[in-house]
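>>> just the structure for this:
(one chain, ligands or ions: 1)
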Amino acid sequence: MTEELLRLQQVSLAYDTPEGVVPVVNDLNLSVNRGHIGCLLGSSGCGKTTILRAVAGFEPLRAGSIHLGDRLISSPGQLIEPQDRHVGMMFQDYALFPHLNVEGNIAFGLRRWEKARRQQRVDELLDLVGLDDARHRFPHELSGGQQQRVALARALAPEPELLLLDEPFSNLDVDTRERLAFELRDILKKTGHTALLVTHNQAEAFAIADRIGVMNDGKILQWDTPYALHHAPATPFVADFVKREVLMAQRAQAYLRGLAAAE
Ligand SMILES: Nc1ncnc2c1ncn2[C@@H]1O[C@H](COP(=O)(O)OP(=O)(O)OP(=O)(O)O)[C@@H](O)[C@H]1O
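Reported below is the predicted structural model:
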């Protein structure tokens, strides 16, 4: 078995608009090894979600190829349907079904499974995400963090080869975000899942990912470990980007310390 699970080679993506073709990504290369968590980090509009959608099978490629293991899943004119890719996806708004309880949401992708096996899988996942006691509750009866865990369990339920996460913490408050970022990493490492995450938040990227790609304007400027991004940024943009975020986090902490002191 090769080390690499996901491989994007010379990928170009664009949208057709009434004004013409709008290029988003050009000649993009990246790979994520089995069991690793990769992350695309960049500011709004740089093309992160478009790349994730292309891996999921919702965007056609203008050029290049996407492989999952030995399978070619996308190339121009060739697209394996999203449901046949063995790729799980978790969206920023969780997209839980409001009329189904926690168990029902998690079991949604397992409708074709035999009943006993399905129940066993749901029980395993409830245990994994710590929601045993909430199995009969409906989404509106859950906190944001709990909803996020249900969404994660639902995405993992059919045992996807690859998990895609689009800004998984954007709906949560800052404290919950930080806690869940570590928790998510823990869960994925425990189960050995391979994941590709996109976020504009550096703290999240650094808390979760084994490899991070810093993006700007449809390009990955550096695909590296969090340590290397900090200590050996490849371009002035990456150095600035990393430094700016650290500075902002320090300022936020100083501000909060100031508030606490004033109380
Ligand atoms: N359906 C579409 N039609 C035309 N242009 C689009 C479409 N979806 C996205 N775009 C454009 O493509 C570019 C990349 O968008 P994308 O959503 O991939 O960025 P992103 O980095 O994920 O941003 P965000 O963090 O805000 O979600 C943006 O300029 C956006 O306006």
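
>>> hmm, who's touching stretch 228-240?
Ile212, Val214, Asn216, Leu221, Gln222, Asp224, Val242 (Cβ atoms under 8 Å, 6 or more residues apart in numbering). In this view, the C-beta of every residue, glycine as well, is placed from N, C-alpha and C.

>>> can you pull the contacts of Ser44?
Counting by Cβ under 8 Å, 6+ apart, Ser44 has contacts His200.

>>> equivalent analysis for Pro139, please.
Taking Cβ under 8 Å, 6+ apart as the criterion, Pro139 is in contact with Tyr94, Leu96, Phe97, Pro98, Val102, Asn105, Gln147, Val150.

>>> ok, and the most crowded of these?
In terms of neighbour count, Val102 stands highest of the contacts of Pro139 at 29 neighbours, by other Cβ atoms under 10 Å.

>>> wait, that one touches Asp132, no?
No: the pair Val102 and Asp132 fails to qualify as a contact (Cβ atoms under 8 Å) at a distance of 9.7 Å.

>>> any common contacting residues for these two?
With Cβ under 8 Å, 6+ apart as the test, Val102 and Asp132 both reach Leu126.

>>> coming back round to it: dump the contacts of Pro139 into TSV; add secondary structure as well.
Below are the contacts of Pro139 laid out as TSV (DSSP: H, G, I helix; E, B strand; the rest coil):
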residue	secondary structure
Tyr94	coil
Leu96	coil
Phe97	coil
Pro98	coil
Val102	helix
Asn105	helix
Gln147	helix
Val150	helix
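
>>> of those, the lowest pLDDT goes to which?
Scanning these for pLDDT, the low point is Tyr94. It has 73.

>>> hang on, the earlier thing: pull out the buried residues from the contacts of stretch 228-240.
Taking 16 or more other Cβ atoms under 10 Å as the criterion, what is buried in the contacts of stretch 228-240 is Ile212, Val214, Leu221, Gln222, Asp224, Val242.

>>> read off the pLDDT value for Val21.
Reported pLDDT for Val21: 93.

>>> tell me which of the buried ones among the contacts of stretch 228-240 fall in helices.
Counted as lying in helices by DSSP state H, out of these, are Val242.

>>> out of the buried ones among the contacts of stretch 228-240, which is nearest to the ligand?
Nearest to the ligand among the buried ones among the contacts of stretch 228-240, counting by Cβ to the nearest ligand atom, is Val214 at 12.2 Å.

>>> thought that closest one was touching Phe241?
Yes: the pair Val214 / Phe241 is scored as a contact, 5.8 Å apart, by Cβ under 8 Å.

>>> what ranges does the stretch 1-150 of the chain have for its helices?
For the stretch 1-150 of the chain, applying DSSP state H, counting those that start in this stretch gives helices covering 48-56, 102-107, 115-128, 144-156.

>>> got the buried residues for the last one?
Going by neighbour count (16+ other Cβ under 10 Å), the buried part of helix 144-156 is Gly145, Gln146, Gln147, Gln148, Arg149, Val150, Ala151, Leu152, Ala153, Arg154, Ala155, Leu156.

>>> whichever helix or strand comes after that helix close to the ligand?
Note on helix 144-156: by DSSP states H and E, the next helix or strand toward the C-terminus is strand 162-166. No: residues of strand 162-166 contacting the ligand under Cβ under 6 Å from any ligand atom: none, with a closest distance of 7.7 Å.

>>> ok so, going back, can you lay out the contacts of stretch 228-240 as JSON lines showing distance to Val22 and pLDDT?
Converted to JSON lines, these look like this (distance: Cβ to Cβ, whole Å; pLDDT from 0 to 100):
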{"residue": "Ile212", "distance to Val22": "26", "pLDDT": "95"}
{"residue": "Val214", "distance to Val22": "22", "pLDDT": "94"}
{"residue": "Asn216", "distance to Val22": "17", "pLDDT": "91"}
{"residue": "Leu221", "distance to Val22": "21", "pLDDT": "93"}
{"residue": "Gln222", "distance to Val22": "25", "pLDDT": "94"}
{"residue": "Asp224", "distance to Val22": "29", "pLDDT": "94"}
{"residue": "Val242", "distance to Val22": "29", "pLDDT": "81"}
